[in-house]
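Visitor: Sequence plus predicted model, see below.
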Amino acid sequence: MKSSIRISLGVRICVCVALLLSLASNLTAQRGFEFGYVVNNAGDSTQVLIIKPKGDKTPQEVQFYHARTGTIVTLPVTEVQSFGVPNKYRFERHRVDIDQSSQQRRNLSDHPFPEWQRDVLFLKVIVEGPGSLYQLNDGVSEQYFYTREDSPVEQLEFKNYIDRQNHVASYRRFEQQLLEDVACSGSHLLNVNKLRFSRYPLENYFRRFNECVDRPFRVYYDKPDQVFFAKLTAGLVIADMRMFYEADEFHYGLTASLSLGLELEGKLPMAEKAFSILAEPRFQSFSAELREDETSAINYNFLEVPVGLRYYFETKRRIRPFIDAHYIPRISLDFAKSSFAGQSLTPGDSFSYGGGVNWGWFSTAVRCYTSRDVVTEYSNMASTFQRVEVIVGVSIF
């Protein structure tokens, strides 16, 4: 009897492992791909799969997947005019004079004068129009550049330094630059007095300037990645139940049923948000009866709340394969007086593991459950409840 149970469970494990291995094939450990473009020095634009720039630091090279060779290509700033992802971000190459003064508190200089160095850099476009704003993030501080129409790109000059009283003072020449080069007499909103030298106040200033001159312009918004998700799910459950009551064994065989759930997912900040935590209230049911024994009827209707961890693989396609695992606590909400042989069911805890694929708003997955005892509080009874489930889902946000 016990041998047959182990074989049944082993078959399920083998099936699930095979499915997970097939999902994990042809995957890559890169940070992630986005559908974008690269413009070379000749001005030719090529649609490519760009590897997401890591963090907030402005990249000084571009990496993308080359479809013909199946390899990752890295191009330095000298070989690329611009690159980006439509409606998300854009980087342009410019030769600029840049202030090399440190903005770290312990390394501030004792004078307000910029320390210029000419360099060729990628700059992130913030506002694009008659008045354009650019950003450079070196991982320590942010610097901003601007241009008016076809004039050369210049740095907006702002610098913290230590004055003669050993206090931190600010050199704010950018206010004069804006008054001279990015001003519109038709608007009273363009006030540079006490304008904070950071992304959103400067972005707002350039947006209002472009509105004032009444010319087309574009703002590249840094929309934060979505962190929380919710998904309605439905599943087809194939279950196998064995009950042991004193000296009797009841084997109900494979039974199919439907399940409904609400999957809640929260992205974790590590590993480029490849990991996420899960909670999924899920309703399932199992009902069966042996013809030769009317007292063998079992009804098991329950709402359980698995909690778990998911890992997403990055691919060169729009799909996102994943693997996950759940812990299913013994606490569950019993419906319709679940019972066997006149006794209430008292399920124990268990685990599940599986994998699937996300495709836009839709997903599909296979989940395997470890064996569960549903009569844990009875010394004269035991059970094995085994399940494999195919799940489909649709995102609601």
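Guide: Structure's in. What do you need? Because the structure is predicted, anything quoted here is derived from the model rather than measured.

Visitor: Could you list the buried residues of the strand or helix carrying residue 322?
Guide: Element membership for residue 322 (DSSP states H and E) is strand 320-328. Neighbour counts over strand 320-328 (16 or more other CB atoms under 10 Å) mark 320-326, 328 as buried. All C-beta spots, glycine's among them, are computed from the backbone N, C-alpha and C.

Visitor: Ok, stretch 243-262 next?
Guide: Buried, per 16+ other CB under 10 Å, within stretch 243-262: 243-245, 250-252, 257, 259, 261-262.

Visitor: Looking at those residues, which two lie furthest apart in space?
Guide: Farthest pair in those (CB to CB) is 245 and 262. Separation: 35.0 Å.

Visitor: still on that earlier bit, looking at the buried residues of strand 320-328, which one is closest to residue 70?
Guide: Closest approach to residue 70 among these (CB to CB): residue 321, at 18.4 Å.

Visitor: What ranges in the stretch 51-200 of the chain fall below the confidence cut-off?
Guide: Across the stretch 51-200 of the chain, the ranges flagged by pLDDT under 70 are 186-189.

Visitor: can you map out the strands along it?
Guide: 61-66, 71-76, 80-85, 89-99, 116-128, 131-137, 142-148, 154-155, 159-162, 168-171 (DSSP state E, counting those that start in this stretch).

Visitor: Now tabulate those in TSV and tack on distance to residue 359 and mean neighbour count.
Guide: Shown next, in TSV, are those (distance: least, CB to CB, whole Å; neighbours: other CB atoms under 10 Å):
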stretch	distance to residue 359	mean neighbour count
strand 61-66	19	18
strand 71-76	24	12
strand 80-85	19	20
strand 89-99	24	19
strand 116-128	30	18
strand 131-137	33	23
strand 142-148	37	21
strand 154-155	44	19
strand 159-162	49	18
strand 168-171	50	13
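
Visitor: Closest one of the buried residues of strand 320-328 to residue 209?
Guide: Closest approach between the buried residues of strand 320-328 and residue 209, by CB to CB: residue 320, at 40.4 Å.

Visitor: before we move on, back to that, so which of the strands of the stretch 51-200 of the chain gets nearest residue 38?
Guide: Across these, the minimum distance to residue 38, taken as CB to CB, is reached by strand 80-85, at 4.5 Å.

Visitor: Note down every partner strand of the strand holding residue 322 and its orientation.
Guide: strand 307-312 (antiparallel), strand 350-359 (antiparallel) (DSSP bridges).

Visitor: Tell me the bridge partners for residue 328.
Guide: If you apply DSSP bridges, the partners that residue 328 bridges to are residue 350.

Visitor: And the top strand by length along the chain, what does it pack against?
Guide: For the chain, the longest strand by residue count, based on DSSP state E, is strand 248-267. Other elements packing on strand 248-267 under the criterion 3 or more CB pairs under 8 Å, 6 or more residues apart in numbering; DSSP states H and E are strand 228-245, strand 275-279, strand 282-290, strand 293-304, strand 381-395.

Visitor: Tell me the buried residues in the last one?
Guide: Going by neighbour count (16+ other CB under 10 Å), the buried part of strand 381-395 is 381, 383-391, 393, 395.

Visitor: Among those residues, show me the least confident.
Guide: Ranked by pLDDT, the buried residues of strand 381-395 bottom out at residue 381 (86).

Visitor: I'd assumed residue 374 was in contact with that one.
Guide: No: using CB atoms under 8 Å as the test, residue 381 is too far from residue 374 to be in contact (9.3 Å).

Visitor: shared neighbours of the two, anything?
Guide: residue 340 (CB atoms under 8 Å, 6 or more residues apart in numbering).

Visitor: Residue 230 is in contact with residue 262, isn't it?
Guide: Yes: between residue 230 and residue 262 there is a contact under CB under 8 Å: 6.7 Å.

Visitor: tell me the domain ranges of the protein?
Guide: The chain breaks down into these domains under automatic domain parsing: 31-83, 87-219, 224-395.

Visitor: so how far is the first one from its chain's centroid?
Guide: The chain centroid and the centroid of domain 31-83 are separated by 21 Å, computed with CA atoms, centre = their mean, to the nearest Å.

Visitor: and if you look at stretch 386-394?
Guide: 23 Å.

Visitor: now residue 375: how far from residue 170?
Guide: Distance of residue 375 to residue 170, given as CB to CB, to the nearest Å: 73 Å.

Visitor: How about residue 264?
Guide: On the measure of CB to CB, residue 264 and residue 170 end up 46 Å apart.

Visitor: about what we covered before: what lies in contact with the strand holding residue 322?
Guide: Here strand 320-328 has contacts from 20, 23-24, 27, 278, 280, 304-315, 349-359, 365, 367, 369, 372, using CB under 8 Å, 6+ apart.
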